[in-house]
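K.L.:
Need coordinates for the below:
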Amino acid sequence: MSMDKRNIYKAELHIHTPASKCYKGSKNSDEYIKIIDRANDLGLKIIAITDHNSIEGYKTIIQQKESILNEIKVLQNIQDSNEAKTRLKALKKQAKVFDEILILPGVEFEVNNGIHLLVIFNPSTEVSKIQNFLHEGGFDEESIGSENDVFSNWSIFDLYRESLNYDCIVIDAHTDSNKGIFNTIGEGITRV
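P.N.:
Reported below is the predicted structural model:
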């Protein structure tokens, strides 16, 4: 009996960027490209950028990808510069890395009792729609990227009901930690 062969893709659905205040790496713009390069080095084919209560890290990565593609278009028209050819070669290599990884927009959303949930959206979802999702949930420009600082508008049940209006999946971010569903905190207690 032959087995049905299926494609298996290596994925990481919980990646923070410098847009999360808890991020331990450098906080400069080059760090976003390094995240994509590290994912590629690890053989990941699918990643979700899930900063704390923020879509800013995903936005930055997509903007950097677009910037690379735009620079490639410009440099392809320059034929008489070795410097342009060298830069073009490096940019094409970086663009190839972006093409080999599916980058999903997401957030690590902290509901009002402190449980952290990953909300991962279809990549065709407009960033403004995700920003609206965060705003409706209680997070604004001052509170994005942080955890345990803001009291969300939504309980875990509210988040679930709201997620039904989006093309997304919801996953417990830290199942067996004090931020996860398995070890929930006592009734009436919040971490905020």
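
K.L.:
make it CA atoms for all contacts and neighbour counts henceforth
P.N.:
Will do.

K.L.:
Now for the chain: which strand has the highest residue count?
P.N.:
strand 102-110 (DSSP state E).

K.L.:
Tell me how many other residues crowd the nearest residue to Gly43 once chain neighbours are set aside.
P.N.:
Spatial nearest neighbour of Gly43, chain neighbours left out: Lys10 (6.8 Å); criterion: Cα to Cα, 6 or more residues apart in numbering. Residues within reach of Lys10, counting by other Cα atoms under 10 Å, total 11.

K.L.:
Let me see the contact set for Lys10.
P.N.:
With contacts defined as Cα atoms under 8 Å, 6 or more residues apart in numbering, Lys10 is in contact with 43-46.

K.L.:
Spatially central, which residue of the chain would that be?
P.N.:
Ile49 (1.2 Å; Cα atoms, centre = their mean).

K.L.:
quick one: the helices in this protein?
P.N.:
Remark: helices assigned in the chain by DSSP state H are 30-41, 56-75, 82-99, 127-137, 156-163.

K.L.:
Let me have the ones you listed in a markdown table, extended by mean pLDDT.
P.N.:
Output for these, formatted as a markdown table (pLDDT from 0 to 100):
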| stretch | mean pLDDT |
| --- | --- |
| helix 30-41 | 96 |
| helix 56-75 | 95 |
| helix 82-99 | 94 |
| helix 127-137 | 95 |
| helix 156-163 | 93 |
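
K.L.:
Between those helices, which one is closest to Leu118.
P.N.:
helix 156-163 (10.8 Å; Cα to Cα).

K.L.:
Extract the CA atoms of the closest one and return them as PDB.
P.N.:
The C-alpha coordinates for helix 156-163 follow below in PDB (Å, rounded to 0.1, in the frame of the first residue of the first chain):
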ATOM      1  CA  ILE A 156     -11.200  35.800  25.400                       C
ATOM      2  CA  PHE A 157     -14.800  35.200  24.300                       C
ATOM      3  CA  ASP A 158     -15.100  38.700  22.900                       C
ATOM      4  CA  LEU A 159     -11.900  38.200  20.900                       C
ATOM      5  CA  TYR A 160     -13.100  34.900  19.600                       C
ATOM      6  CA  ARG A 161     -16.500  36.400  18.500                       C
ATOM      7  CA  GLU A 162     -14.700  39.400  16.800                       C
ATOM      8  CA  SER A 163     -12.200  37.100  15.000                       C
END
